[in-house]
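Enquirer: kindly generate the corresponding structure for this input.
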Amino acid sequence: MEEVVNNVGKGILEIYDSFLSMLPPRAQIFINLFLLIFLVVIYSIFVWKFYRFISKKNILGLNLNKYNKSQHPLITKLFAGLLYFLEYIIILPFLLFFWFSIFTIFLILLTTDLDIQTLLIISATVIAAIRITSYIPKYGEKLSRELAKLLPFTLLAISLLNPGFFDISRIFAHFSLLPGFFEEIIYYLIFIIIFEIILRFFDFIFSLFELEEVTVEGDEEDNSEDN
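Expert: Numbers count the residues shown, from 1 in each chain. Sure, this is the predicted structure:
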């Protein structure tokens, strides 16, 4: 697969170079600049969609529990648990994995001199930090939203300041990193699933403690009124 991707990248680069050779030098500069601007614009649109999606604690909002029509208490609870598992442990991690994959591919094309393992770790770190902050009660989605905007655009700014960023052949050469990405990505899918399960577990535990605190406060208020 790596050889196929390399051949495709080389073929596209040869066609592109042949096209540029027919143009004046200044026109070649503008064509290269236009392609880089186009890539940055596409990345910026992605980040704008990305941060609005991933910064929410409950991303889906499907409310699958509305399909729980059972009248039996035990069956209702079991079915509710199954729907919760389906929505937040199965569907949500795969959606996060999709955004993680697209984000990583953009990093492969935009960054310079970074191996695939480093890019995957950077992408996973960004996703994990955004998801954690979305669960923090005090800061919640506001901080998560800012991180989801700031981190990807900071990575873009760092890439733009690197002189190698403006070499179009570098972008085509980075197609050779894609096979390594697909080989390693299954481990990051597992990581995202486990990570989201852990976040949901702690969120459930904390919600129980908050409920208990509210109940205790309510009992104290009732006792003070009785006195």
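
Enquirer: low-confidence ranges, the protein, go.
Expert: Scanning the chain for pLDDT under 70 picks out the ranges 1-9, 59-85, 140, 208-227.

Enquirer: tell me where it has helices.
Expert: Along the chain, counting by DSSP state H, helices occupy 2-21, 25-54, 73-84, 92-110, 116-135, 140-160, 168-173, 178-226.

Enquirer: let's have those helices in a markdown table, adding mean neighbour count.
Expert: Using the backbone N, CA and C atoms, a C-beta is placed for each residue, glycine as well. Formatted as a markdown table, the helices of the chain follow (neighbours: other Cβ atoms under 10 Å):
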| stretch | mean neighbour count |
| --- | --- |
| helix 2-21 | 13 |
| helix 25-54 | 14 |
| helix 73-84 | 13 |
| helix 92-110 | 19 |
| helix 116-135 | 19 |
| helix 140-160 | 17 |
| helix 168-173 | 17 |
| helix 178-226 | 13 |
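
Enquirer: show me the contact partners of stretch 25-37.
Expert: Leu20, Leu23, Phe165, Phe166, Ile168 (Cβ atoms under 8 Å, 6 or more residues apart in numbering).

Enquirer: cutoff 10 Å now
Expert: 16-17, 19-24, 110, 160, 165-169, 171 (Cβ atoms under 10 Å, 6 or more residues apart in numbering).

Enquirer: ok, now stretch 106-115?
Expert: Contacts to stretch 106-115, defined as Cβ under 10 Å, 6+ apart, come from residues 36, 39-40, 42-43, 46-47, 50, 116, 118-123, 126, 152, 155-156, 158-160, 162-167, 170-172, 174-178, 180-181.

Enquirer: could you redo the last one with a cut-off of 6 Å?
Expert: Residues from elsewhere that reach stretch 106-115 (Cβ atoms under 6 Å, 6 or more residues apart in numbering): Tyr43, Leu119, Ser159, Asn162, Gly164, Ile171, His174, Leu177.

Enquirer: before we move on, the earlier item: out of the contacts of stretch 25-37, the closest to Ile197 would be?
Expert: Taking Cβ to Cβ as the measure, Ile197 lies nearest Leu110 of the contacts of stretch 25-37, at 31.1 Å.
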